[in-house]
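Asker: could you work out the structure for the sequence below:
(chains A and B)
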Amino acid sequence: MTRSALALPARRRLSTSTALAVLALLLALAVIAALATGPVPLSPGRVLAAIAGDAPLRDVAIVQALRLPRTLAAAVIGAVLGVGGAVMQGMFRNPLADPGLLGVSAGGAMGAVATIVLGAALLPEWSRPHAGAAAAFAGALSVTLLVQRLATVEGRVLIGAMLLAGIVFNALAGAVTSAMIFAADDMQLRDILFWTMGSVAGATHAKLVLVAAASLPLLLAAPLLCRALNALILGEREALTLGIPVERVKRLAVVLVALAVGASVAAAGMIAFVGIVAPHLCRLARGADHRFVLPASALVGATLLVAADTAARTVLAPAELPIGLVTSLIGGPFFLALLLRQRLAVDGS
Amino acid sequence: MIEARGLRVARGGRVLLAVAELSLAQGAVTGVVGPNGAGKSTLTRVLAGELRPDTGTVRLGELPVAAIPPAELARRRAVLPQSTMLGFPLTAEDVVRLGRTPHAGAASAAEDEAAIAAAMEEAGVIHLASRMMATLSGGEAQRVQLARVLAQLSGPDPATTALFLDEPTSSLDLAHAHAILRAASRRAVQGATVLAVLHDLSLAAAWCDRVLVLEGGTIVADGAPHAVLDEALVSRVWGISVRRLEGGSARDIAFLAA
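Answerer: Now for the predicted structure:
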């Protein structure tokens, strides 16, 4: 019998590590393309020289000061969204699940938008730029934990109840956000747009560090999560009898994902579809084994968001599109096409 | 060998299970029969260590199941449920491979491969290895799941293992149902403790060395199938008057609604 790794038989040509290396290369290409693209086009060679500091001052400034921070932010946030989506989908045993379902994004946006509108009156001037991110983080975490708490009965997290609670809190958080938008003035509306449609334009080192630090626990738990999520494909009871502490894993997964994705919302607002499209692409390519899907979703999510950010700042230059708009515009139809293709494949067999 | 004492499970004031004492011998297939809601699944879950009873203890070998670490318990006892809906598409071999989950770090890759191959051979699913589970019939899929639990128990001395089958044949045709129970019975011959929840009394009589008849959460009859499952008991417990037909052997009985 051939050795397999939970993968589709027709696609066992590449080993997991080779496939991941290919995806890492794609990400590197996307990053170089992003650094090369802009009002001042640079060749890939000049980009690499500028990264090394071995280039004209102007090139170094453009690459290191202007393009690199937001490109790195796009990569890190895309990776977090990709892994967060993959973990949620594995846990819910549903390919359409997304951290957004648990209220992470809506809670984060609500926190940020409320700070923008109410903060003008309540907060001291100096604290306002940080207050938005802090409130987004707090909103994301508290809504998610509340959803999980509501769905916990006698120590068990009921997945169906969690989805319903997530939908309810998404609607409530959306309503609060809408009320704030209704009360906002023109200047505030601009800021609000940033949170509800997302942007990595404001990327700073501090924000990058926040997202990286908040993602670290998820990264460290990933190997443990892989085994649990693979067993969960069979079902909760099956995973339990295979020795997986299912309830602990579910609680842990939700908290870790909320932490990481909450930080990403705090840094870049709501960015849709990356969490659904990236893991889906990975599973289509090499099957459902989470030992591949989790790291691959990080790489694909990063690549997608770097590409989307490049598009967001060049398509209408010098104006800039919100990145969430780009991911939705590209991701939506793309996802629909995937679904249709899959349906045709099933019908045709 | 499984021993239970003073088991009691109640939910919302209703007693689902009350079993004072129960001992399952190794090397035998014990059947659990009874009408819907009699507590068959609850008993299985409690004995398998999936559900903690409100009171009472279950021992697997010499240790209480609650005291055995989850992975260690999973290497010694497996549960085959009625049917399994996969969250994501997998091949048959992938599913069997997941049976080795509790052996991660405890068994070598070669041992895993050998266990997977042997289990698929025993369940008769080698020819299905590369098929996607969604394309299999219910009976084929259930035999793949059987291979998964056999792979899960491969490693420790069979005499220290326990196999639970929770209505494993409810949606299967006759040939598949017998194939599943034949494999379970082989496992018992090797020394394992086997418990099977069954709806079909003929199937229970054919494959079980002993049956427990459950009614309202308590064991109302216990013994060899042909001795226990008489017309009076079946008629009373299931609430339908039946006639028992007997074939050539003691294991060969059937019930007709009279």
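Asker: give me the local confidence score for residue 18.
Answerer: As the question left the chain open, I've gone with chain A. Note for residue A:18: predicted pLDDT of 91.
Asker: meant chain B actually
Answerer: On the pLDDT scale, residue B:18 is placed at 94.
Asker: is it true that it lies in a strand?
Answerer: Yes: under DSSP: H, G, I helix; E, B strand; the rest coil, residue B:18 falls within a strand.
Asker: look up the pLDDT of residue A:21 for me, please.
Answerer: 95.
Asker: which elements pack onto the helix or strand harbouring it?
Answerer: Per DSSP states H and E, residue A:21 falls inside helix A:16-36. Counting contacts by 3 or more C-beta pairs under 8 Å, 6 or more residues apart in numbering or on different chains; DSSP states H and E, helix A:16-36 packs against helix A:44-52, helix A:68-92, helix A:274-286, helix A:290-314. In short, each C-beta sits where N, CA and C put it, glycine included.
Asker: any buried residues in stretch A:317-327, and which?
Answerer: Within stretch A:317-327, the residues that count as buried by 16 or more other C-beta atoms under 10 Å in any protein chain shown are A:321-327.
Asker: stretch A:126-146 too?
Answerer: Buried residues in stretch A:126-146, counted by 16+ other C-beta under 10 Å: A:131-133, A:135-145.
Asker: now do the contacts for the closest residue to residue A:181 other than its chain neighbours.
Answerer: Once flanking residues are discounted, residue A:181 sits nearest to residue A:192: 5.8 Å by C-beta to C-beta, 6 or more residues apart in numbering or on different chains. Each residue near residue A:192 by C-beta atoms under 8 Å, 6 or more residues apart in numbering or on different chains is listed here: A:113, A:116-117, A:177, A:180-181, A:184.
Asker: what's the angle between the helix holding residue A:21 and helix A:44-52?
Answerer: 90 degrees (axes from the mean of the first three to the mean of the last three C-alpha atoms, to 10 degrees).
Asker: quick one: contacts of helix A:16-36?
Answerer: So helix A:16-36 is in contact with A:5, A:14, A:42-44, A:46-48, A:50-51, A:63, A:67-68, A:71, A:74-75, A:285-286, A:289, A:291-292, A:295-296, A:299-300, A:302-303, A:306-307, A:309-310, going by C-beta under 8 Å, 6+ apart.
Asker: for PyMOL, what selects the buried ones among those residues?
Answerer: To isolate the buried members of the contacts of helix A:16-36 in PyMOL, using 16+ other C-beta under 10 Å:
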select buried, chain A and resi 42+46+47+48+50+51+63+67+68+71+74+75+285+286+289+291+292+295+296+299+300+302+303+306+307+309+310
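Asker: still on that earlier bit, could you export the helix holding residue A:21 as PDB, CA atoms only?
Answerer: Backbone C-alpha positions of helix A:16-36 (Å, rounded to 0.1, in the frame of the first residue of the first chain) are rendered in PDB as follows:
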ATOM      1  CA  THR A  16       3.800  18.400   2.100                       C
ATOM      2  CA  SER A  17       7.200  20.200   2.500                       C
ATOM      3  CA  THR A  18       7.700  20.600  -1.200                       C
ATOM      4  CA  ALA A  19       4.200  22.000  -1.600                       C
ATOM      5  CA  LEU A  20       4.700  24.400   1.300                       C
ATOM      6  CA  ALA A  21       8.100  25.500  -0.200                       C
ATOM      7  CA  VAL A  22       6.300  26.300  -3.500                       C
ATOM      8  CA  LEU A  23       3.700  28.400  -1.700                       C
ATOM      9  CA  ALA A  24       6.500  30.200   0.200                       C
ATOM     10  CA  LEU A  25       8.100  31.000  -3.100                       C
ATOM     11  CA  LEU A  26       4.800  32.400  -4.400                       C
ATOM     12  CA  LEU A  27       4.600  34.600  -1.300                       C
ATOM     13  CA  ALA A  28       8.100  35.900  -1.900                       C
ATOM     14  CA  LEU A  29       7.300  36.700  -5.500                       C
ATOM     15  CA  ALA A  30       4.100  38.500  -4.400                       C
ATOM     16  CA  VAL A  31       6.100  40.500  -1.800                       C
ATOM     17  CA  ILE A  32       8.800  41.500  -4.400                       C
ATOM     18  CA  ALA A  33       6.000  42.500  -6.900                       C
ATOM     19  CA  ALA A  34       4.300  44.600  -4.200                       C
ATOM     20  CA  LEU A  35       7.600  46.300  -3.300                       C
ATOM     21  CA  ALA A  36       8.300  47.000  -7.000                       C
END
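Asker: list the buried residues in it.
Answerer: For helix A:16-36, the neighbour count (16+ other C-beta under 10 Å) marks A:16, A:19-20, A:23-24, A:27, A:30-32, A:34-36 as buried.
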